[in-house]
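Q: Give me coordinates for this.
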Amino acid sequence: MSYKKPSYKKTVFDITISMGLVGLFVVLLAGFVGQTRKVNEVEIRAVDLSAISRATSERTELPIYAPSSLPQGWVATSGRLEQVQDKPMWRFGLVTAEREFIGVKVSEETPERMLKASGYEITESEEQIVAGKSLTRWIDANKDERGIYYQVNEVNLLVYGTATFEEQINLIEKLILVS
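A: Have a look, this model is predicted:
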């Protein structure tokens, strides 16, 4: 009895067909997963900035500024008082309706030192008068962020983030002294 070994000789055509079938399976699987998977949006936790700013204003001599109201779709995400180089700093964060970030810092520290401490390298700046306030607009092209700083009541306000200058000015116009 003679035993014959099975022939596993494959042609280039057979290999191409096999690879095509595997590729088709991968594309179909990716399409199915892409259609059935729900994109989980990051949940943004809102904070009551009004309550936080009122409570903070009772604990410090630093003037506390907060928006009188937020535009539709904006969310306050943080608010806290910190000590930075022996000086108090009030800061809060917001997310706009377009999911852009705006942060605000209020301190007796100079804007230049606040910017440097935050790791910004100003690549462009210009002075501008808005609503009777002398503002300095700046851009850090390396971080793709921009901001505005100005002085009011002996403290410096630094508004920064990925939001547009127009949105930042919109926020500045709503800032009030909390008492």
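Q: Buried residues, the strand or helix carrying Phe92. List them.
A: Following DSSP states H and E, one finds Phe92 within strand 87-95. Neighbour counts over strand 87-95 (16 or more other Cβ atoms under 10 Å) mark Pro88, Met89, Trp90, Arg91, Phe92, Gly93, Leu94, Val95 as buried. Heads up, the C-betas are built off the backbone N, CA and C, glycines and all.
Q: Am I right that the fifth one is in contact with Glu82?
A: No - contact criterion Cβ atoms under 8 Å: Phe92 and Glu82 do not qualify, at 11.3 Å.
Q: Longest helix of the protein, counting residues only.
A: In the chain, with assignment by DSSP state H, the single longest helix is helix 12-36.
Q: next SSE after that one?
A: Assigned by DSSP H and E, the successor of helix 12-36 is helix 49-59.
Q: how far is that next one from where the chain is centred?
A: Helix 49-59 has its C-alpha centroid displaced from the chain centroid by 23 Å (Cα atoms, centre = their mean, to the nearest Å).
Q: Equivalent analysis for stretch 77-96, please.
A: Offset of stretch 77-96 from its chain centre (Cα atoms, centre = their mean): 15 Å.
Q: Quote the end-to-end distance of it.
A: This stretch, stretch 77-96, spans 10 Å end to end (Cα to Cα, to the nearest Å).
Q: Stretch 121-134 too?
A: 21 Å.
Q: Other residues contacting it?
A: For stretch 121-134, contacts defined as Cβ atoms under 8 Å, 6 or more residues apart in numbering pick out 115, 135-142, 150, 152, 169, 172-173.
Q: What's the ChimeraX line that selects buried ones from these?
A: Selection of buried members from those for ChimeraX, criterion 16+ other Cβ under 10 Å:
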select :115,135,136,137,138,139,140,150,169,172
